[in-house]
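Undergrad: Have a look at this prediction, sequence included:
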Amino acid sequence: MPLPKLPTKPADILSPEDYKTEKTAAKRAPKTKRADPVKPAAAVQTQPKKQPEPAVAATVAASEPRLAPERPRPSRKKLVDTTYQNPISRAASLSGSAKLFVLDTNVLMHDPTSLFRFEEHDIYLPMNTLEELDDHKRGMSDVARNVRQVTRTLDSLIGGLDADSIERGVPLSKLGNKEAKGNLYFQTRLQAEPPQGLPSRKSDNQILGVVQALAAQQPERAIVLVSKDINMRIKAQALGLAAEDYFNDQVLEDSDLLYSGVLELPDNFWSKHGKNMESWQDPGHSGATYYRVTGPLVPTMLINQFVYLEPKNGEAPFHAQVKEINEKTAVLKTLRDYSHAKNGVWGITARNREQNFALNLMMDEDCDFVTLMGQAGTGKTLLALAAGLAQVLETKRYNEIIITRVTIPVGEDIGYLPGTEEEKMSPWMGALDDNLEVLNKTDSDAGDWGRAATSDLVRSRIKIKSLNFMRGRTFVDKLVIIDEAQNLTPKQMKTLITRAGPGTKMVCLGNIAQIDTPYLTEGSSGLTYVVDRFRGWEHSGHVTLARGERSRLADYASDVL
């Protein structure tokens with residue numbers, strides 16, 4: 001005998017009209033035809049009716065008329081909790097409703113303005129996020145400053161509002177941020193428990209519980225957790241919750257798209273751009289030649305970008321710098337050849353094309369901001385120091401060299417260092433000592449006494465400063481070298497560059513492939529940030545050094561390790 005049909009509605013919510021409809025449908029249902037008794041029993045093969053799959057049975061039951069409702073049978077316990085099944089954020093957003101982003105604490109610590117970076121979408125702050133902000137508000141670090149800035153922003157947003165207004169949502173455009181069109185919500189009445197199986201005392205798990213409860217409470221809406229913590233995003237996705245990284249601080253999604261400062265000209269450049277070309281020479285001491293060219297490649301050029309053409313027929317290469325751009329017309333200026341010994345800078349000559357470009361930028365009086373990027377051994381620090389010493393001790397353009405860097409250890413921290421500010425920074429400046437030793441050996445005719453005197457003179461003009469004491473300072477007529485700049489955040493980079501006074505040149509050195517700061521990537525590094533923001537400015541320049549010149553061992557290790 002087949003099993004009775006499953007009910008379409010729970011029995012406790014059926015009305016009397018539903019009972020009448022069900023009984024009428026049962027009377028009108030055709031009766032089952034019995035087997036013919038004349039036929040022998042062997043001819044009638046009564047096979048048991050095969051039960052369909054649960055999903056198919058539910059579909060069939062929905063399409064067939066129902067008999068009288070029966071008591072629903074208790075279902076088996078599900079192995080997977082359905083509250084974990086949150087729709088993917090981008091798919092759910094197709095409904096037209098704004099997303100609800102739940103912010104982790106590290107997002108606010110990393111970018112205190114992140115509340116206003118989500119356009120028309122809403123922001124949700126769990127109570128654990130506020131608790132963690134309160135725990136990190138003390139101190140003089142950048143994290144503590146960011147937390148205090150976030151706290152002041154939240155206080156301004158909810159200032160003068162009652163509890164009901166806060167629960168309905170605070171407009172993020174209240175403080176004048178027109179780009180932020182969403183609302184800010186706080187965890188006021190939502191009771192959320194950490195996901196089953198995870199420790200309840202950990203703050204991350206409690207935030208995951210809030211995201212899970214919101215997904216169950218608003219299943220039609222995209223609930224997205226935003227966190228800089230990779231492990232937390234992994235746990236969220238393992239629980240079926242949508243989780244994303246904070247991308248608004250990313251300057252570029254792919255580091256390969258970063259501006260290199262160098263453009264290779266095609267072989268047919270002169271044939272396409274040499275028509276009506278003008279050329280003249282600088283009447284000054286530089287003796288540079290200028291070319292005014294017009295053609296389709298000009299709109300892709302930027303001010304102070306280096307262009308080169310390496311002919312294959314044995315002719316002399318063409319190296320120049322873009323000085324002016326007017327629609328499809330550009331002015332190119334030939335470079336000084338620092339690869340020749342007569343043009344050496346403090347005894348240092350350029351060993352490749354990119355080093356020659358870098359020395360032209362470093363020795364340019366009209367260039368106030370220089371960024372040099374490249375892997376280890378490309379000569380970034382050596383070129384910057386050589387150009388700095390030449391302009392401090394020979395041409396007297398600057399009166400002092402100031403060097404600073406981020407103090408992040410590669411291995412275990414060795415603890416506190418004794419002494420003054422400069423003595424504390426000395427262990428971090430091993431690269432400076434190595435390069436000064438190389439520069440001191442370039443004067444082979446001075447003798448031991450002469451080199452010792454030169455070394456003392458050089459060190460008297462070089463000051464080592466810590467980043468912690470840069471606020472409020474103004475550097476006048478100085479050359480400031482920021483080493484290991486890839487470990488700086490965009491905000492720290494802004495703090496340093498705005499210290500420049502009249503007659504000061506800022507030089508940033510770094511390798512974005514060696515970032516040691518937590519939550520910083522190649523796309524969000526302060527060095528990447530300034531390279532992208534300063535490109536095309538007439539008083540700045542950038543070069544990416546491509547070839548290592550440290551030693552054949554170092555070059556081979558960089559390739560195979």
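TA: Yes, it's here. These numbers come from a predicted model, not from an experiment.
Undergrad: low-confidence ranges in the stretch 201-350 of the chain?
TA: For the stretch 201-350 of the chain, applying pLDDT under 70 flags the ranges 249, 251-256, 285-286.
Undergrad: cool, the chain as well?
TA: Within the chain, the segments meeting pLDDT under 70 span 1-96, 249, 251-256, 285-286, 407-430, 442-454.
Undergrad: same thing but 50
TA: Applying pLDDT under 50 to the chain flags the ranges 1, 19, 21-94, 409-414.
Undergrad: Mind naming the longest strand for it?
TA: Within the chain, and with DSSP state E defining each element, the longest strand by residue count is strand 318-326.
Undergrad: could you dump that strand to PDB, C-alpha only?
TA: Extracted as PDB, the C-alpha positions of strand 318-326 are listed here (Å, rounded to 0.1, in the frame of the first residue of the first chain):
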ATOM      1  CA  PHE A 318      68.700  57.600 -27.900                       C
ATOM      2  CA  HIS A 319      67.900  58.400 -24.200                       C
ATOM      3  CA  ALA A 320      65.700  61.400 -23.400                       C
ATOM      4  CA  GLN A 321      63.200  62.800 -20.800                       C
ATOM      5  CA  VAL A 322      59.800  64.200 -21.500                       C
ATOM      6  CA  LYS A 323      59.800  67.900 -20.400                       C
ATOM      7  CA  GLU A 324      56.600  69.200 -22.000                       C
ATOM      8  CA  ILE A 325      53.300  67.800 -23.400                       C
ATOM      9  CA  ASN A 326      50.700  69.700 -25.400                       C
END
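Undergrad: same for it, what does it pack against?
TA: strand 306-309, strand 329-334, helix 353-362 (3 or more Cβ pairs under 8 Å, 6 or more residues apart in numbering; DSSP states H and E). (C-beta placed from N, C-alpha, C; glycine too.)
Undergrad: from the middle of its chain, how far away would the last one be?
TA: Taking the mean of its C-alpha atoms, helix 353-362 sits 28 Å from the chain's own mean (Cα atoms, centre = their mean, to the nearest Å).
Undergrad: Adjacent strands (with direction) for the next helix or strand after it?
TA: Once the chain leaves helix 353-362, the next helix or strand it forms, by DSSP states H and E, is strand 369-374. According to DSSP bridges, strand 369-374 forms sheet pairs with strand 505-510 (parallel), strand 540-545 (parallel).
Undergrad: contacts for strand 369-374?
TA: 354, 358, 361-362, 380, 383-384, 485, 497, 505-512, 527, 530-531, 534, 537, 539-546 (Cβ atoms under 8 Å, 6 or more residues apart in numbering).
Undergrad: hmm, which of these are the buried ones?
TA: Among those, those classed as buried by neighbour count (16 or more other Cβ atoms under 10 Å) are 354, 358, 361-362, 380, 383-384, 485, 497, 505-512, 527, 530-531, 534, 540-545.
Undergrad: Please name the residues that touch N146.
TA: Applying Cβ under 8 Å, 6+ apart, the residues near N146 are L108, M109, H110, D111, P112, K491.
Undergrad: Can you point out the buried residues in the host helix or strand of L432?
TA: Using DSSP H and E, the element containing L432 is helix 430-440. Neighbour-count burial for helix 430-440, counted by 16+ other Cβ under 10 Å, picks out A431, L432, N435, L436, L439, N440.
Undergrad: Tell me which two of the residues you listed sit farthest apart.
TA: A431 and N440 (14.9 Å; Cβ to Cβ).
Undergrad: Next SSE downstream of the top helix by length along the chain?
TA: Looking across the chain with DSSP state H, the single longest helix is helix 142-158. Per DSSP H and E, the first helix or strand lying C-terminal to helix 142-158 is helix 163-168.
Undergrad: which residues make contact with that following helix from outside it?
TA: I158, Y185, F186, T188, R189.
Undergrad: just to revisit the earlier point, out of the contacts of N146, which one sits closest to F318?
TA: The nearest member of those to F318, counting by Cβ to Cβ, is K491 at 40.8 Å.
Undergrad: Any idea what H542 is bridged to?
TA: T371.
Undergrad: quick one, what contacts it?
TA: Counting by Cβ under 8 Å, 6+ apart, H542 touches Y259, S260, G261, V370, T371, L372, M373, V531, F534, R535.
Undergrad: and if you look at D204?
TA: D204 touches D104, D229, M232, K235, counting by Cβ under 8 Å, 6+ apart.
Undergrad: Run a quick neighbour tally on the last one.
TA: Put plainly, it is K235. 19 (other Cβ atoms under 10 Å).
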